[in-house]
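Asks: Any chance you could fold what I've pasted below:
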Amino acid sequence: MIVNSILETIGRTPLLHIPLRSGEVDLYIKLEMFNPTGSMKDRMALSMVDSLPVTQNEAAVRIVESSSGNTASALAMISAVRRVEFTALMDSHASSDKILTVRAFGSNVRVVGRGDGALATDERDEEAMRIALEEGAYWTEQHNNSANATGYIGLAAELLDDLGPTITHFVSAIGTGGSLCGTARQLRLHIPEVQVIGVEPVGSIIFGGLGECYHQSGTGTPEGANVGMVIDYDVIDQGCKVSDDNAFSVCHYLARRHGLLVGGSTGGAIHEALSVAREAPTGSRIVALACDSGTKYLDTIFDKDWLSAHDLHIIDVEAQFAELFATAPTLPQRLREDPLRSVAERALNDAQITLTPVPRSV
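Replies: I've put the predicted structure just below:
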């Protein structure tokens with residue numbers, strides 16, 4: 001596979017299949033960490049840059065964006081390729097790896113807010129507006145930019161290519177709303193009955209409730225911040241909240257049982273997907289988005305000292321969802337004895353070819 005630009009590698013990410021309830025229900029995890037900067041935000045960032053007004057497409061254009069990390073990383077990569085100057089406004093809630101990634105691409109980072117790890121969404125946005133007005137930069141304004149949601153049309157197309165109209169549930173974390181609403185809107189054109197479930201952290205205010213501190217990064221809307229216009233409540237059937245403990249516990253489960261490192265927002269989405277799987281009708285196919293890679297959070301949600309310092313606790317997910325994982329599908333006796341030989345026998349049976357047993361080495 002030869003490409004002429006790293007931007008050509010955005011999209012066409014794989015699906016990880018995990019059978020549940022002895023194969024009665026199927027969970028498919030869309031692995032968006034296979035995008036070049038390790039998150040699904042590459043899709044929407046490219047869409048936003050491509051939708052810049054014609055007068056803003058000159059090489060001298062300056063872009064500014066308020067981000068907790070992944071959007072900033074994606075815009076920094078694209079800006080490097082397109083020779084655009086980019087400034088990311090981030091806060092101490094962002095992991096150090098995300099800040100360093102933006103700088104590695106040659107973009108600028110301004111850290112705003114307090115240094116205690118708290119979200120500073122309002123302060124970031126206010127600074128972005130000031131830079132746009134006073135310094136002539138173009139604010140991509142991801143929370144209110146329709147190109148955000150448009151960037152996920154391709155993701156929906158990939159799901160339809162891989163699974164067809166068999167998707168029964170679509171589950172995703174919700175922050176700006178671009179990935180959830182943009183994907184869901186396209187799926188609904190082909191699968192009107194698909195159930196769309198948005199997941200935010202406990203403490204986020206997108207689906208109401210009291211605002212409080214949370215540690216899942218890049219998802220939800222903190223108290224005091226505005227819910228963006230990209231969120232389309234009309235395409236969301238159900239809004240759910242998942243605690244940091246439950247979200248991060250799923251991250252640890254996926255790492256240790258499936259070799260899959262995901263971030264906290266993905267942990268929350270998959271926790272809700274597992275909850276849905278408990279009562280879902282037999283034959284259900286649940287798709288959950290894995291927003292980004294857990295390699296961005298090795299010093300936080302995968303670090304015991306950090307978890308302890310923030311009074312977070314890892315729960316046994318396999319015990320919590322025991323009814324989903326307890327029984328594996330039963331294989332026929334002939335497959336249990338020698339699966340490779342049995343598959344070959346069936347394949348060659350019509351040709352009347354006899355397999356001669358070969359002694360196995362120890």
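Asks: Other residues contacting the helix or strand hosting residue 18?
Replies: For residue 18, the element it lies in under DSSP states H and E is strand 15-20. Residues outside strand 15-20 that contact it (C-beta atoms under 8 Å, 6 or more residues apart in numbering): 25-31, 159, 162-163, 258, 260, 274, 277, 287, 290, 324-325, 329. Every residue, glycine included, has its C-beta placed from N, CA and C.
Asks: Which parts of the next helix or strand after that strand count as buried, going by neighbours?
Replies: The helix or strand immediately downstream of strand 15-20 is strand 25-31, counting by DSSP H and E. Buried residues in strand 25-31, defined by neighbour count with 16 or more other C-beta atoms under 10 Å: 25, 26, 27, 28, 29, 30, 31.
Asks: Do I have it right that the fifth one meets residue 274?
Replies: No: using C-beta atoms under 8 Å, residue 29 makes no contact with residue 274, being 11.1 Å away.
Asks: Next, show the common contact partners of those two.
Replies: By C-beta under 8 Å, 6+ apart, residue 29 and residue 274 have no common neighbours.
Asks: Double-check that residue 307 belongs to a helix.
Replies: Yes: under DSSP: H, G, I helix; E, B strand; the rest coil, residue 307 falls within a helix.
Asks: In the chain, mark out all the strands, start to finish.
Replies: Ranges of strands in the chain, per DSSP state E, are 15-20, 25-31, 62-66, 85-90, 108-111, 138-139, 169-173, 195-201, 238-242, 285-290.
Asks: Quick one: closest of the ones you listed to residue 315.
Replies: strand 238-242 (11.8 Å; C-beta to C-beta).
Asks: just the angle between the closest one and strand 169-173, please?
Replies: Going by axes from the mean of the first three to the mean of the last three C-alpha atoms, to 10 degrees, strand 238-242 is angled at 50 degrees with respect to strand 169-173.
Asks: rewinding a little: compare the strands of the chain and give me the one nearest residue 9.
Replies: strand 25-31 (13.8 Å).
Asks: What's the separation between residue 61 and residue 52?
Replies: 7 Å (C-beta to C-beta, to the nearest Å).
Asks: likewise residue 101?
Replies: Taken as C-beta to C-beta, the span from residue 101 to residue 52 is 22 Å.
Asks: which of these two has more neighbours?
Replies: residue 101 (23 against 17; other C-beta atoms under 10 Å).
Asks: Go ahead and confirm the more buried one touches residue 75.
Replies: No: with contacts counted by C-beta under 8 Å, residue 101 stays clear of residue 75, the gap being 11.0 Å.
Asks: which residues are in contact with both of residue 61 and residue 52?
Replies: What both residue 61 and residue 52 touch, as defined by C-beta under 8 Å, 6+ apart, is the set residue 138.
Asks: for the protein, what spans make up the helices?
Replies: 41-50, 70-82, 96-104, 121-135, 146-150, 153-163, 178-190, 244-258, 264-279, 304-309, 317-320, 322-325, 333-337, 339-348 (DSSP state H).
Asks: Dump those helices to TSV, plus distance to residue 214 and mean pLDDT.
Replies: Compiled in TSV, these are given as follows (distance: least, C-beta to C-beta, whole Å; pLDDT from 0 to 100):
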stretch	distance to residue 214	mean pLDDT
helix 41-50	19	98
helix 70-82	17	97
helix 96-104	17	91
helix 121-135	12	91
helix 146-150	22	98
helix 153-163	25	98
helix 178-190	18	98
helix 244-258	6	98
helix 264-279	9	98
helix 304-309	14	98
helix 317-320	19	98
helix 322-325	25	97
helix 333-337	46	41
helix 339-348	45	39
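Asks: of those helices, which approaches residue 296 most closely?
Replies: So among the helices of the chain, helix 96-104 is nearest, using C-beta to C-beta, at 5.1 Å.
Asks: how about the closest one: buried residues?
Replies: In helix 96-104, counting by 16+ other C-beta under 10 Å, buried: 97, 98, 99, 101, 102.
Asks: check contacts around the second one.
Replies: When contacts are counted by C-beta under 8 Å, 6+ apart, residue 98 is found next to 68, 69, 70, 72, 73, 90, 296.
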